[in-house]
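Q: Based on what follows, work out the 3D shape:
(chains A and B)
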There are 2 protein chains.
Amino acid sequence: MSIQRVNSFRNGGKENVGLLGGKGGNLAEMTKVGLPVPLGFTITTEVCREFYRIGCRLPEGLMEEVLAALVELEKEQDREFGHAEHPLLVSVRSGAVTSMPGMMDTILNLGLNDETVEGLAKLTNHRRFAYDCYRRLIQMYGSVVYNIEGVHFERLIQQEKQLVGCLEDQQLSEESLISLVDQFKKLIETKTGRSFPQDVKQQLKGAIEAVFQSWSSPRAKVYRKVHLIPDDQGTAVNVQSMVFGNMGETSGTGVLFTRNPSTGEPVMFGEFLMNAQGEDVVGGTRTPCQIAELKETMPQAYEELSQCAKQLEMQYRDMQDIEFTIENGKLYLLQTRNAKRNAKAALKVATDLVEEGLISKEEALMRIDLQHLNHLLHRSIATDAEHTVMATGLPASPGAACGQVVFTADTADEWKKEGRQVVLVRMETTPEDIHGVIAAEGVITLRGGMTSHAAVIARGMGKPCVCGCETMQMDEEHKQLTGGGIIILEGDWVTIDGSTGQVIPGRLELQEADLPPELMMILSWADEVRTMKVLANADSPLDARKAREFGAEGIGLCRTEHMFLSPARVPIVQQMIMAETESDRQVALNRLLPMQRSDFEDIFREMDGHPVTIRLLDPPLHEFLPNMEELTERLAALPSQGEGAAAERLKLEQMIRRVRDLHESNPMLGQRGCRLGIMFPEIYEMQVEAIFQAVLRCLWDGVIVLPQVMIPLVGHVNELHLLRCMVDQVAEQVLGEEKRYCLYKVGTMIEVPRAALTAGEIARSADFFSFGTNDLTQMTFGYSRDDAEGKFLAHYIEHKLLPNNPFQVLDTEGVGKLIEMAITQGRARNPMLTTSICGEHGGDYESIMFCARIGLDYISCSPYRLPVSRIAAAQAQIIMQSELAQQVEAGLDEEQTAV
Amino acid sequence: MSIQRVNSFRNGGKENVGLLGGKGGNLAEMTKVGLPVPLGFTITTEVCREFYRIGCRLPEGLMEEVLAALVELEKEQDREFGHAEHPLLVSVRSGAVTSMPGMMDTILNLGLNDETVEGLAKLTNHRRFAYDCYRRLIQMYGSVVYNIEGVHFERLIQQEKQLVGCLEDQQLSEESLISLVDQFKKLIETKTGRSFPQDVKQQLKGAIEAVFQSWSSPRAKVYRKVHLIPDDQGTAVNVQSMVFGNMGETSGTGVLFTRNPSTGEPVMFGEFLMNAQGEDVVGGTRTPCQIAELKETMPQAYEELSQCAKQLEMQYRDMQDIEFTIENGKLYLLQTRNAKRNAKAALKVATDLVEEGLISKEEALMRIDLQHLNHLLHRSIATDAEHTVMATGLPASPGAACGQVVFTADTADEWKKEGRQVVLVRMETTPEDIHGVIAAEGVITLRGGMTSHAAVIARGMGKPCVCGCETMQMDEEHKQLTGGGIIILEGDWVTIDGSTGQVIPGRLELQEADLPPELMMILSWADEVRTMKVLANADSPLDARKAREFGAEGIGLCRTEHMFLSPARVPIVQQMIMAETESDRQVALNRLLPMQRSDFEDIFREMDGHPVTIRLLDPPLHEFLPNMEELTERLAALPSQGEGAAAERLKLEQMIRRVRDLHESNPMLGQRGCRLGIMFPEIYEMQVEAIFQAVLRCLWDGVIVLPQVMIPLVGHVNELHLLRCMVDQVAEQVLGEEKRYCLYKVGTMIEVPRAALTAGEIARSADFFSFGTNDLTQMTFGYSRDDAEGKFLAHYIEHKLLPNNPFQVLDTEGVGKLIEMAITQGRARNPMLTTSICGEHGGDYESIMFCARIGLDYISCSPYRLPVSRIAAAQAQIIMQSELAQQVEAGLDEEQTAV
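A: Coordinates of the predicted model:
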């Protein structure tokens, strides 16, 4: 039977959520499986849309249908709506398709008036109860239908309590309640000039209209905007026979989680109050009891509740959050839904449900909320309490940290050696600050975006970092940081949250990352399911080890420049850059070679048997030199006399000249990547030599090495061809006979739009494509990430000019189209081509979904994101399989239709 | 009959140039049409390739075929090769497919030896002549076959002349020549240990081999590299019966242009020498006579020559460059080819040939060399003499200029007012230098690329400019410029050539641009032929007028920011940028509005009836402020006391703060274009208001206004949609009822790759697409033009990593693919969409060809490039039509084959 616009709970089920709303669907479902649900009916969301379409009134004939539906309730309860002696009472509740907790209205006890209240009193033999219901009705009706602020009613209750000298609501006597009923009615008249309707049908109509109205209340609108719920989804209205938890000491009401929502333990968890209605539990005026106590208070009801909980978990195949009421010892269920839980509980519940045979591994995987999971993987601020925020910058590297503020890398280093925890604050960081970053618990920069030096370094080290705090001011001279009206001096404590970008004064308690055993199980299932490989971005042997721990199937991006940045090496790199001739440069390169070789060797050993993708030097050279401001300051600070000073002056002046030479107006589009390797061939040659020397040493020790040399920033096939020839030549020279034991590959990052557009050509010289989606996004959009994120991008996202930050979520329409083109053209020319993505998008769920859809061979992300990415890849696989199954089914249907 | 590998002149014609070479093909052609050509044959280029393939020797059996072919010559001349009494003499000449003048070798008089020289003497009754021929043969053979440097032979001739006391070669007596023959033979023996071959067949073989060898001489290789001639094209060898211009006073030799190659006048032009062989005319030892004198000297030969010239022009349908010899009064033609001519002559010849009915207008158009033509349109350096070059920068704005060097805009302005010519030299220019640029004849900057401020401004004004002279040093304090070892002080004269980028010390004579009437005729033909419209980039009423003069069919790009740059306006623009609040900004904008309105109004009036495309503000705001260095210098220079100083200090400090705020690491990818218009909506609103206020005033005066509002840098359809709504709203407000008389359009520049990729979406909100190929190239390649051109781009082009500078010639493979995609998608969504290009490529021939092929509606270029672009568009049309005709023909052929 199809869903009626006024639809009995006996019709439909949880599959009709679109029309019945979440609550209505679940009530119908529970009714269907025979659980004790007070009978009722649902007015559909379609009616809500109609309500707004025709100018905020109920459609023609609706009330007649409602009254007809009431008859069923009357029959079942053997009472009558508005009957003086056997009055039926109902509740009217909203029920949106997507849960909007607390956003819309509810009215209980409808059907009471001056006459029926006496009938109820007689029927229940409980006059105080009857008047308590009546005053609740008038109070809710007044606030919901007439928009009278609740505080007015509360004030009258307070007065009454003072008058009779009692403290709690349930201590109010029958007389007080009767008096309150009277006072409430007068309040309504005074405030609105209208009286509380004695006609119960009018009550019902007013309540239904009010619930529909509440869909467009300001707070509901805001909530929908925040949670991206469409305005035309509408709410349903549920009208249900009342059951009473406030009918005395064998009555009560409560909420129940079928398992523990904090730990996932398979033990019922919840609270209840005896002799109370729902709002008393939520309201917080009385302290509820733990659900376990019910076992003693009312063992039979408890047993029944346990049975219901089990049945509902079977029915919904998930942990449930249930509302129940006990009326004179009889249990009723008023609501059920999939329970919210924290990340840790989610893992436990998912694995338990698999063990219990309720769900499959695939279903368990699909239930992991990845954003949620991410919190588990990093240290976080322990308290949920509100805290003062000095500034909110860019969340550049996730996790929380706290320490004493220092303003220079040297101080950071010193203090750390003294055993102190420090947070390094800089305008922006340069390679010369690296020892400070190493020493610090976390980093704050005032300038720079998500890909600034500080951000990249911090992410690589798994260290929290907040970048681009442009609203803060820093006074280096007076060692002082100002923001949000707060002044922080050197040595003051500060806490940062790199997941949200918040900078908080003071020292907050932190909570360690938590990797429960259930995660390992989920990950092993994910690995069974997914076909797309997951590799890691790792730049050092330490990173490589971490990557293996987190289950990386190789290294998808090893950024060799990060090997240039250790304090011992920076001076040699600078010597290389300062070289005036090729032979001078060669001297410095000769010193760097053994260092790079040893790094590569250790990485290969860590990755024994797995591919290691090494990207040759990418960033513009000026990034390895101090910036101009710093150099001129240093020059100015030199003493005018002294032997050392003259030499130092000369050196600084030379460096200033070189920095000026290397200056570019748009370094992002300048001399970097393979352009550098072509202009200064000796740099790449050194790197490739170091790679193959490392390969050779590993081969001697029986390590299985699968090196993949990656040429960055290729825009024209000629660039790749030239450099590939160089790689082949050096490999030949270094490996000699051993070459046949090393199946190395040469490929390129596709990060320039032109490379994607001419991918067919480029694939002729490439064994693999790795999409560098950070740069590809920058150039396809024409956004400099550093500039955009601090400036117009936030505005764009806020004003819906863009659906997402394209640096976080891959833009499938534009950038994605380029990637698809490149893959199609590339594979057409080179069927052996492997394809992958190694930008930050490799750790983003939606982007991973896209990668799986277009059939990439693997994704690569930072080690700390590997668990998330492995699960995401599995989820993508599952979704695709189910879509495929649906298509096959649709195909079969079509065939049948055709026949 | 197909071409033989040894092919008689009686077989084939000019269509066989690929196998016969240019000379061979033309000799066969002339033979075919009955012109007096000494008989001969050609050894094909295929033999040359074979020669190199088999290791630099003649293929098996070739000499037998050569000797067989000689028989025909012997018969015709009734002489015999090597015969003691009736010796046949031949010349052996190279003849490449593409002319390589002077690059390869020639040997004359082959067939002479100690015996036959006496036969020739008897036969001609002229023993001195015979020995003259013989010594020439030995001399040429020695240098060509044995590689003996010419100077050795010349020294012996000099000694002989001194010995007998004569000055010129022809004064040498028979005895002297006999003696020289002897001396030459000995010279060969001394130098090579081999003797001059008396066997005439051996002579011939050696000569043929030597010509083939000369194909790979170092100078020939270099020439081919420079002129992009493929190495495997090979040269042909022409063996031809000798005729003698040195047989006495009724003999002679000369070269003839059928028209004047400097002016194009239809009068024969050339030189000849009596009693001489070819090398005497070229060698410069004797002064040749003007061709007109031949009319008196040998009227019959002259008359015959005139006839031949006419016939050849008919045959080749173009002006010819002919070599001829007169032997005993009889005229022989030895070579003909299409004559080289200067740009002015090219125009005259082309129009004359059309008038004479020899060629069609389309053919005339196809013969215009556009690079050539470009020289006519700008002032140039008059002398061809070599001059010292101080530095070569980027050719940023074409044309030549000279003036006295000044180092500040203020000095430029003052000196100009004193009536002096100045050239402004700056490290780089800023908007504050604008009055200096206006005052100067030309501009030099030491930094910055083809799109730097100076370059853009200068091109807009049609003023010569050389940018990025990075090899020069400037000492502003001592007012001194150094480069190439030369020091220039303020006030010294300098000449610049903005077409080549040269900076030349001193004052060179300049030659004005020359627009002959023939150009106007050619342009009118071009306009008849082309279907693609040509519009202009014009930013001011003055530009607009110039554009109309040069035939623009509207304005394709009016850059409103250039209106912000006049000295009177810059302070207001700065006030607008410095505004802290929207209302402060509004104050400044209110002052700018009437200025913009008046500019727009004047431009609309100039363009009455033609579309005017106005691009809203595009560059980042910091471009309108002085740069940081300048501001800090100004601040440092402020007196520490004084009332004005404090206020000025405050202002400067504010400006410094703002410049710092606006600083971007990659401004090219930063807050500019529509991003600016979205972040500061009041700026665009002011501009649009000014546009429509101007429209309104024009409408009142009956001017037909077709405004097209162009939104720059759109990357997502939402940006365009938002701004389009704003434009429509403002238009409505300003125009009111008059709106129906103004068919305005709103469109966008497609300059961000993402816009091209999502063009289907964007076309929903756009009436037109204008491809901003400068930016599109930057982002598609990931090249910052400013950085790339001074750095790696030159290296890339030199080393063939890129075929062209993609900023000059549109990259059809990558950028072009994007453009094609965008057009296809855009038109599919919006069939009314008009498409165009407005980058610098709109003035480049190859790029225009591409635009025509993909069916753009129009191109837009700077006014000074309009003539070139109009012709280019016509040429593209003609080529496309002819290709279409060929396809149709091929289709018909196929059909016939099928039948």
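Q: contacting residues around the residue positioned nearest the centre of chain A?
A: Nearest residue to the geometric centre of chain A (Cα atoms, centre = their mean): A:Gln371, 3.1 Å. Contacts for A:Gln371 (Cβ atoms under 8 Å, 6 or more residues apart in numbering or on different chains) come out as A:Tyr845. From N, CA and C alone the C-beta is placed, and that goes for glycine too.
Q: Also the one 4 residues further on?
A: With contacts defined as Cβ under 8 Å, 6+ apart, the neighbours of A:His375 are A:Ala343, A:Ser499.
Q: let's see 10 Å
A: Going by Cβ atoms under 10 Å, 6 or more residues apart in numbering or on different chains, A:His375 touches A:Asn342, A:Ala343, A:Lys344, A:Pro398, A:Gly399, A:Ser499, A:Gln511, A:Ala513, A:Asp514.
Q: For chain A, give the helix that spans the most residues.
A: helix A:866-898 (DSSP state H).
Q: That helix packs against which elements?
A: On a contact count with 3 or more Cβ pairs under 10 Å, 6 or more residues apart in numbering or on different chains; DSSP states H and E, helix A:866-898 meets helix A:361-366, helix A:370-376, helix A:517-529, strand A:533-537, helix A:541-549, helix A:845-853, strand A:858-861.
Q: now the angle between helix A:845-853 and it, please.
A: Using axes from the mean of the first three to the mean of the last three Cα atoms, to 10 degrees, the inter-axis angle of helix A:866-898 relative to helix A:845-853 is 60 degrees.
Q: which residues touch the residue in the stretch 151-300 of chain A positioned nearest to chain B?
A: At 16.5 Å from chain B, A:Leu228 is the closest residue in the stretch 151-300 of chain A, using Cβ to the nearest Cβ. Contact partners of A:Leu228, counting by Cβ under 10 Å, 6+ apart, are A:Thr98.
Q: does it sit in a helix, a strand or a coil?
A: Put simply, A:Leu228 is coil when judged by DSSP: H, G, I helix; E, B strand; the rest coil.
Q: now the strands: where do they sit in the stretch 451-600 of chain A?
A: Using DSSP state E, counting those that start in this stretch, the strands found in the stretch 451-600 of chain A span residues A:465-467, A:473-475, A:480-483, A:486-489, A:493-497, A:502-505, A:510-511, A:533-537, A:555-559.
Q: ranking those by burial, who's on top?
A: Compared across those, strand A:465-467 shows the largest average neighbour count, a mean of 32 (mean count of other Cβ atoms under 10 Å in any protein chain shown).
Q: Show me which helix or strand of chain A is least confident by mean pLDDT.
A: None of the helices or strands of chain A scores lower by mean pLDDT, DSSP states H and E than helix A:278-283, at a mean of 67.
Q: Where does pLDDT dip in the stretch 751-899 of chain A?
A: In the predicted model of the stretch 751-899 of chain A, residues A:790, A:894-899 satisfy pLDDT under 70.
Q: let's go with 80 and repeat that
A: The stretch 751-899 of chain A contains residues with pLDDT under 80 at A:786, A:789-790, A:839-840, A:843, A:891-899.
Q: Model confidence for the residue of the stretch 251-400 of chain A found nearest chain B, exactly?
A: The nearest approach of the stretch 251-400 of chain A to chain B comes at A:Leu394, 14.4 Å away (Cβ to the nearest Cβ). Note on A:Leu394: pLDDT of 85.
Q: What is the burial count for it?
A: For A:Leu394, the count of nearby residues is 23 (other Cβ atoms under 10 Å in any protein chain shown).
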